[in-house]
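> next come a sequence and a model predicted from it.
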6 protein chains.
Amino acid sequence: MTSREDGRAVDELRPVTITRNWLDHAEGSVLVEFGRTRVLCAASVTVGVPRWRRDTGLGWVTAEYAMLPRATHTRSDRESVKGRIGGRTHEISRLVGRSLRAVIDYKALGENTIVIDCDVLQADGGTRTAAITGAYVALADAVSYLRERGALVSEPLTGSVCAVSVGIIDGTPMLDLPYTEDVRAETDMNVVMTGTGAFVEVQGTAEGAPFDRAELDALLALAEKGCADLTAIQAAALDGGAA
Amino acid sequence: MTSREDGRAVDELRPVTITRNWLDHAEGSVLVEFGRTRVLCAASVTVGVPRWRRDTGLGWVTAEYAMLPRATHTRSDRESVKGRIGGRTHEISRLVGRSLRAVIDYKALGENTIVIDCDVLQADGGTRTAAITGAYVALADAVSYLRERGALVSEPLTGSVCAVSVGIIDGTPMLDLPYTEDVRAETDMNVVMTGTGAFVEVQGTAEGAPFDRAELDALLALAEKGCADLTAIQAAALDGGAA
Amino acid sequence: MTSREDGRAVDELRPVTITRNWLDHAEGSVLVEFGRTRVLCAASVTVGVPRWRRDTGLGWVTAEYAMLPRATHTRSDRESVKGRIGGRTHEISRLVGRSLRAVIDYKALGENTIVIDCDVLQADGGTRTAAITGAYVALADAVSYLRERGALVSEPLTGSVCAVSVGIIDGTPMLDLPYTEDVRAETDMNVVMTGTGAFVEVQGTAEGAPFDRAELDALLALAEKGCADLTAIQAAALDGGAA
Amino acid sequence: MTSREDGRAVDELRPVTITRNWLDHAEGSVLVEFGRTRVLCAASVTVGVPRWRRDTGLGWVTAEYAMLPRATHTRSDRESVKGRIGGRTHEISRLVGRSLRAVIDYKALGENTIVIDCDVLQADGGTRTAAITGAYVALADAVSYLRERGALVSEPLTGSVCAVSVGIIDGTPMLDLPYTEDVRAETDMNVVMTGTGAFVEVQGTAEGAPFDRAELDALLALAEKGCADLTAIQAAALDGGAA
Amino acid sequence: MTSREDGRAVDELRPVTITRNWLDHAEGSVLVEFGRTRVLCAASVTVGVPRWRRDTGLGWVTAEYAMLPRATHTRSDRESVKGRIGGRTHEISRLVGRSLRAVIDYKALGENTIVIDCDVLQADGGTRTAAITGAYVALADAVSYLRERGALVSEPLTGSVCAVSVGIIDGTPMLDLPYTEDVRAETDMNVVMTGTGAFVEVQGTAEGAPFDRAELDALLALAEKGCADLTAIQAAALDGGAA
Amino acid sequence: MTSREDGRAVDELRPVTITRNWLDHAEGSVLVEFGRTRVLCAASVTVGVPRWRRDTGLGWVTAEYAMLPRATHTRSDRESVKGRIGGRTHEISRLVGRSLRAVIDYKALGENTIVIDCDVLQADGGTRTAAITGAYVALADAVSYLRERGALVSEPLTGSVCAVSVGIIDGTPMLDLPYTEDVRAETDMNVVMTGTGAFVEVQGTAEGAPFDRAELDALLALAEKGCADLTAIQAAALDGGAA
């Protein structure tokens, strides 16, 4: 096995921590850590749905992703100051939202809206996968909040969802890349899966040379292993007691 | 085999047309049609590179994707009028750019910039894949333009690139989805490949139920078939004579 | 007579082509060409009118004009990327809209809205006059669409409208200037007229020396001639059969 | 002769007042009044020219037009608050700039820039024509400022420029329309002329029925009369002593 | 006593002029001058309140502050052109609004809205304090306008409000600083007071060295003196007859 | 003494915690807590200064303040999504920057820039005062970072700075208001002071009835007490060892 800077096996996750109820006001809130990557996920519940969805009896779940200016090694300008949201931010916000909606039954949710804000406090690779993994737990707590208030039609969560990055570095497929590995990866893939091992999103990109089918298969196998581990960590966090 | 509305086999592309030199001013220009989807790809060459890349000896290739307001069944507001670019537009522009850069040797290009504008004149599903497929041909013509003027360091094109959509409709994997199939697809995947059959991008999304590994494999096989066909069509278009 | 680069007489239009039904989705669509200037005009019909006009029984017609980034000799940045619409775009959009409204009876149109998008695919002078001339035909087709569906109160078109540019080059008044003449013109005028030869808009600008009354009269006479020709071309295009 | 609300003859200007040096800081400043229309024109001189014009030896003159929110009968939202400039503002700013540049010899001005800000303090019709008329006087004072400091190559003013509105109300052509006449006008024309009676801009618009050639001629004659009067008023103001 | 450039005593205001009814359309309008600082305050009355305040029976008062581009010694770019409002403008608009609301009884005003636009025509220090002082008089005239039309529930003005700047220059506390003093001030304070001598806002800033309690006390005493004088000037202006 | 909801004495701060080095990348970083208010302050050091300050030999310090969308009881829209920064955000960013600059000697700092980002993770009143108090500690750590690298001209910190809110609730002046007290306060004041007890900023606002001089004096006394306590807490945090 190729040695990694932090001593991990190629199919090993970084230490993952999920701290629930990190905020006092939000209906669900999680500080999720994948190694040094630290994302604050806050779920906000509101009665009612956006205008275009009214009177359908269906709920809505959406997400917004952003980074604090000094989450990264060097400071980035704020998107609020620039007056526009960048393409990367847009793209990840949409990905997180789609991932969460994959495990939601809108009818069961009723005409309620849950917005999940994922703010990266510190970035060290894998911010979008940490965001999805943490956001699911915050979402589950927000659903519990609605359940306790009798505001649900029935159970809206059809399963759990988590995500992990995989990539090929110096020809070796590896799981859960920190920043130093990410910048060296020839191929980079983010995989979103349900707790039962089905795929929600597969996004693979050749950063250097294009990849062949065998490499793709190896990456998918690593991602399946990583997501299984993350599913267990999410379940343990949620077992830790009421929100 | 499942019958499709337009009578195609499940692994058959829509009629694909690539018309080179559709514009008089651009250094490369292509009107590409995938069935009723019609995208105008214009390549603009400028000497020099963006500020952040100066004095590196490296060239730059980028792309912008947009839709005319009435490309779609009902009119959409212009992004220029709204004053901001939507997430989808950002996402596709980035995808087209990355795809083209996968077959470019920056050193060989020298400090030249090629911008490819992909404007959807009419949309009927697969606009991003048509855009990538046409943009490659416009890029090749822009490279020829530079070559004829002796402005290249060496040959910058390391291969060809094309893209196709695949999806699962009523449980059946199908190639190259028009709008009516796209909206019904449970899973939707866009695959970008080189002319030699390697993967540049794989973007699969579960629109309905999550997909399993067998479905993913079936979709990848269809995409490989479609991209092989598109590669041949691109080659034929470029064989058709000087730009 | 002064010779022109393209051999035309000073009172001769460039070859004008009007291709109806260029798009499949729009209720009216025209690709209009004035020489190498090529504008796509798409008419979109919606039931109802903007909020400020509701419950008046009156319809509404408006237009938006824009240029693709590589319509011109060198690429221009997209207004959507810049986040704001330039003064020239605003000005021409307003001109096209006013011109079309000059031949519309709002009461007869009923509470329907027609938006005409004029997108310049290639620019070689006279884009605004080509846009108006083509937009009228697209508008007429959109009105036919409404008529066929019994959605009109009575006949909303009170006449036809077209436009042409005129200018003084090296002291000689000339009709329908391509780009190379336009940049050399001392005086530049755009004239919008009805099919019956009345004026809707007259916009003359001294680019170099101010012009006197005799020059103004000569330009108006040329414009009257050009608009009469364009009216005939529009009529022929519309006679070509149902949309 | 048709009687007008304010008792004027149809070819008579409203009382016009030009107050020079209304501001203490600006190199030229004029409060111009056309009846109740009141526009503050401030000319700002800077050494040097915009980047795109550097090292050409040529100067630059430009203008910006805007309205205070309560210049009008009912309050309008600020364009700064809306975050974008409207089409009308853009259009008039461009018109004022072009009009002033028609009497400027850039070479004689040298690499100096003069910006004329025209801010409408109160609007009662004819704000753009008042702006041009006043802006010329502020420009002349700014040129004097440069002349006194020996900063000119030679005399940059090639003449004077002024503007007036004309229109047809109930079939009668009239000069210099206040708001109440302007809203009733079937045809509305703004004419910019030099002090020697040549045309710089002619912008005529049919607000109701299109207009014929005879009406156009009548309007042009009125405008020639009005501009001759305004030229005299400008000259008198400038004769009133040093800025 | 330290001598000041303009010969004033340290506790003496600049000449203050309040000209009511400077505009014809606005329900209240004041041109206020503090020396060479000149601010146009226009009060606009509308029936009804913003959406968030509807059906509360309460009125609303708000203000917007802005500067003309050449109000200052050198020209500033327009915020409308930049597409965003600067922090300073935001801050002062909020301050003016809060100050006026301090003397308004919303219930007595009924569901009416008064917007006060304060546009600085010329700036020479103290623009925000002049704006508040003038805005109160415009507000009082707008309230009279409503009173005369029987549109008030009862008397909404609970008192008068005015403002003045104070600062420490070369160790000496001084009242009402013009620009040349303002830029040299070690400490700069704006004080808003009611006509009865109570404080509405105190905003003190150490521009150079921090200030101690004794200096703060001296500044507050000067401000109390200045506001008493301004209150008398406001009263005299309002006594001058009906708006 | 009036009892407070949380049992504190009227002149008692909430529990204040300052956690240094909360982030791994930033040159100085502090998580500061005033009760449940939690602000992350990150100091970013860059060599060089903004363009307008180059070649002066002087450094620069600035700050940006923002709130996460769910810092508050109900979710607020992101300013990046709205495309503009609100007045309150602008105002507080400016206040934090001015406060920090009050204790900086630019010459000693040399041509280095320090940006302090203050992001409110959770808001419960006093976010701006917590931000200033924490930002000073992050600034001190960033200065140490420069000192250790020999990048300073001499010692740039001329003292320490902190801030606290005071207000009058039910007639009683109180120190350090949480949200529930803040909304009920008749008068609200934020006071920024140096470690030696001098004033940097005093911003007092009458939210209800105007306040008299005696009340102002009482508030200032409370603020002096609170800032003395905060200065001790800052010193203890910084004594806790190297950053």
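Perfect, thanks for sending it. Residues are numbered from 1 along each chain as shown, chains lettered A, B, ... in the order given.

> chain E versus the residue at the greatest distance from the centre of chain A, what's the distance?
Distance from the centre of chain A peaks at A:Asp55, with 30.0 Å (CA atoms, centre = their mean). Per CB to the nearest CB, to the nearest Å, A:Asp55 is found 21 Å from chain E. (Glycine included, C-beta is placed from N, CA and C.)

> A:Ala140 too?
Per CB to the nearest CB, A:Ala140 is found 33 Å from chain E.

> could you check the pLDDT of A:Ser3?
On pLDDT, A:Ser3 comes in at 74.

> ok, now A:Arg84?
pLDDT, A:Arg84: 84.

> before we move on, back to that, the residue farthest from the centre of chain A is in what secondary structure piece?
Using DSSP states H and E, A:Asp55 sits in no helix or strand.

> give me the phi and psi angles of it.
phi 60, psi 30 (degrees, to the nearest 10).

> for A:Thr196, list the residues it contacts.
A:Gly159, B:Pro210 (CB atoms under 8 Å, 6 or more residues apart in numbering or on different chains).

> can we see that at 10 Å?
A:Thr158, A:Gly159, A:Ser160, A:Thr231, B:Pro210, B:Asp212 (CB atoms under 10 Å, 6 or more residues apart in numbering or on different chains).

> average pLDDT across the longest helix along chain A?
Secondary structure assigned by DSSP state H gives helix A:213-239 as the longest helix of chain A. For helix A:213-239, the mean per-residue pLDDT is 97.

> give me the beta-bridge partners of the closest residue to A:Met67 other than its chain neighbours?
Residue nearest to A:Met67 in three dimensions, not counting chain neighbours: A:Val120, with 4.3 Å by CB to CB, 6 or more residues apart in numbering or on different chains. On the basis of DSSP bridges, A:Val120 is bridged to A:Val39, A:Met67.

> touching, A:Val120 and A:Ser93? I think so.
No: checked against CB atoms under 10 Å, the pair A:Val120 and A:Ser93 is beyond contact range at 11.9 Å.

> could you tell me which residues touch both of the two?
A:Tyr65, A:Ala66, A:Arg128, A:Ala131.

> hmm, A:Leu109 and A:Arg53 touching each other?
No: using CB under 10 Å, A:Arg53 is not in contact with A:Leu109; the gap is 11.2 Å.

> A:Ala43 and chain B, how far apart?
21 Å.

> no, scratch that, I was asking about A:Arg213
7 Å.

> the host helix or strand of A:Lys107 packs against which elements?
Under the criterion of DSSP H and E, A:Lys107 resides in helix A:106-109. Judged by 3 or more CB pairs under 10 Å, 6 or more residues apart in numbering or on different chains; DSSP states H and E, helix A:106-109 is in contact with strand A:60-67, helix A:127-148.

> buried members of the contacts of A:Thr196 into ChimeraX, please.
Selection of buried members from the contacts of A:Thr196 for ChimeraX, criterion 16 or more other CB atoms under 10 Å in any protein chain shown:
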select /A:159,160,231 /B:210
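
> closest one of the contacts of A:Thr196 to B:His73?
Looking at those and their distance to B:His73, the nearest is B:Pro210, at 28.9 Å (CB to CB).

> and that closest one, how far from B:Glu186?
Separation of B:Pro210 from B:Glu186 (CB to CB, to the nearest Å): 9 Å.

> before we move on, what about A:Cys227?
Remark: distance between A:Cys227 and B:Glu186 (CB to CB) = 20 Å.

> those two: which is more packed in?
Of the pair A:Cys227 and B:Glu186, A:Cys227 is the one with more neighbours under other CB atoms under 10 Å in any protein chain shown, namely 28 against 16.

> okay, now the unreliable bits of chain A?
Chain A contains residues with pLDDT under 70 at A:1-2, A:241-243.

> for A:Ser99, give me its contacts.
A:Ser99 is in contact with A:63, A:128-129, A:131-133, A:135-136, A:161-163, A:190, A:192-194, A:200-201, B:205-206, counting by CB under 10 Å, 6+ apart.

> the residue nearest to A:Glu224 when sequence neighbours are not counted - how many residues pack around it?
Take A:Glu224 and drop its neighbours on the chain: the residue closest to it by CB to CB, 6+ apart is A:Gly197, 6.4 Å away. For A:Gly197, the neighbour count with other CB under 10 Å is 13.

> wait, A:Gly197 touches A:Cys227, no?
Yes: the pair A:Gly197 and A:Cys227 qualifies as a contact (CB under 10 Å) at a distance of 7.3 Å.
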